[in-house]
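**Q** sequence and predicted structure, then a few things I'm wondering about:
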Amino acid sequence: MLKPVLIIPTLLSLYISSSYAQSCTNYKFSSNQIFTQCNDLPNLNSFLHWNYDQSTESVKIAYRHSGVSPSRWVAWAVNPTGRGMVGAQALVAYQKSDGKIRAYTAPVTGYQTQLQEGELSFPVSDLTATYAGNEFIIFATLKLDNISSTVNQVWQEGPLSGDSPATHPTAGPNVQSTGNLNLLSGQTGTTSGALGSRIKKKNIHGVLNAVSWGILLPIGAVFARYLKVFPSADPAWFYLHALCQTSGYVVGVAGWATGLRLGSQSPGVQYTSHRIIGIVVFCLATLQVSSDSLIIGAKENIVLLIEVCIMNLRFIIKKKIILDCWMGSFMMDLSSTLYKSFLILQIKSFNPNVT
């Protein structure tokens, strides 16, 4: 009985000490450098420390990126011309295969950038980087002439391909690691305009498809599977089945169209597998829904042929729906409990032995 009592305060103390250690305010640099201001950046375990000299319009920064392996690159950037990735003037660091740390500047001119080395739109001096304890730190001094004291910042991390940066992930925190920073007051904010609009559309796309593929279509399949065996339910089961299938299809079309629109408005953010599977599911679902109207008034042998085709379509669609919902749930950061509920409903609708 005593062990749980001891474990709880121990875990609590570890949590508190860990949370405290992750705050930028108490961090001490091994080089004894002192920075008057700092911010805990909201994503990717990142922290920014700086000293800003308003008279010379220069800022000395230390960008820390914790919990990162040596097989990845990190970057911090100022975007003088807009928000987000394109136009960002980046400081990049990574560990080469020989163990040496490389730090350099890279202007970002497009979404498919490989972070090639190049001069920035403002002078940079004293650029160095270190890696120790699973943490990269980039040091630099920026001369921000004719740039407001409130700057748009971007920070990022991604994998290495040999001794060169490769494309970073295009989902989750990696597409949310942007914001603005007031170098004088230290106040930060997120770029909530276009980003917030995209997130809203992403949520609408997810909800529409969850209702369609995750609820209405499986319920329609449940009606066909479990009500069909009762003579008194004939032909009511078919009309209930057709209603759910048709409603689910209509909602699915709206979700599918929203996804295509969202993709066209999000250059550089690509979910190729999710997109292809979604198109295939839409085409197969169109065939299945169309088959319901063909059954009405058809001859018995044609009905049998159509039902065989429907059974095969349902099997294929089931597999692809489950896979696509699984991929979409990770893109939307859905809780595992919510996703499991959809998964169980989908499997149950096609497999009566699942309980």
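**A** Perfect, I can see it now. Residues are numbered from 1 along each chain as shown.
**Q** where does the stretch 51-200 of the chain have low pLDDT?
**A** 186-199 (pLDDT under 70).
**Q** can you pull out the helices in it?
**A** Remark: helices assigned in the stretch 51-200 of the chain by DSSP state H, counting those that start in this stretch are 194-211.
**Q** and stretch 106-113, which residues are buried?
**A** Neighbour counts over stretch 106-113 (16 or more other Cβ atoms under 10 Å) mark 106, 107, 108, 113 as buried. C-betas here are computed from N, CA, C, even on glycine.
**Q** next one: stretch 37-47
**A** Within stretch 37-47, the residues scored as buried using 16+ other Cβ under 10 Å are 37, 38, 39, 41, 43, 44, 45, 46, 47.
**Q** that stretch - what's its average pLDDT?
**A** Here stretch 37-47 scores 88 as its mean pLDDT.
**Q** okay, now that stretch: how far is its last residue from its first?
**A** One end of stretch 37-47 to the other measures 11 Å (Cα to Cα, to the nearest Å).
**Q** ok, now how distant is residue 114 from residue 205?
**A** According to Cβ to Cβ, to the nearest Å, residue 114 and residue 205 sit 30 Å apart.
**Q** more crowded one of the two?
**A** Shown here are residue 114 and residue 205; by other Cβ atoms under 10 Å, residue 205 has more neighbours (24 against 10).
**Q** which residues sit in contact with that one?
**A** Counting by Cβ atoms under 8 Å, 6 or more residues apart in numbering, residue 205 makes contact with 255, 258, 259, 262.
**Q** quick one: pLDDT of the nearest residue to the second one once chain neighbours are set aside?
**A** In this case it means residue 258. Once flanking residues are discounted, residue 258 sits nearest to residue 205: 4.3 Å by Cβ to Cβ, 6 or more residues apart in numbering. Listed pLDDT for residue 205 reads 76.
**Q** do the same with the one 5 residues further on
**A** Model confidence at residue 210, expressed as pLDDT, equals 78.
**Q** go on, residue 247?
**A** pLDDT, residue 247: 86.
**Q** that one is in what secondary structure piece?
**A** Assessed by DSSP states H and E, residue 247 sits inside helix 236-264.
**Q** pull out the buried positions in that helix.
**A** By 16+ other Cβ under 10 Å, the buried positions in helix 236-264 come out as 237-238, 240-242, 244-245, 247-249, 251-256, 258-259, 262-263.
**Q** strands along this structure, start to end?
**A** Counting by DSSP state E, residue ranges of the strands within the chain are 37-40, 46-53, 58-66, 72-79, 89-95, 101-107, 124-132, 135-143, 150-161, 164-165, 178-182, 188-189.
**Q** let's have the ones you listed in JSON lines, adding distance to residue 229.
**A** Formatted as JSON lines, these follow (distance: least, Cβ to Cβ, whole Å):
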{"stretch": "strand 37-40", "distance to residue 229": "60"}
{"stretch": "strand 46-53", "distance to residue 229": "59"}
{"stretch": "strand 58-66", "distance to residue 229": "59"}
{"stretch": "strand 72-79", "distance to residue 229": "56"}
{"stretch": "strand 89-95", "distance to residue 229": "63"}
{"stretch": "strand 101-107", "distance to residue 229": "65"}
{"stretch": "strand 124-132", "distance to residue 229": "65"}
{"stretch": "strand 135-143", "distance to residue 229": "63"}
{"stretch": "strand 150-161", "distance to residue 229": "53"}
{"stretch": "strand 164-165", "distance to residue 229": "60"}
{"stretch": "strand 178-182", "distance to residue 229": "56"}
{"stretch": "strand 188-189", "distance to residue 229": "60"}
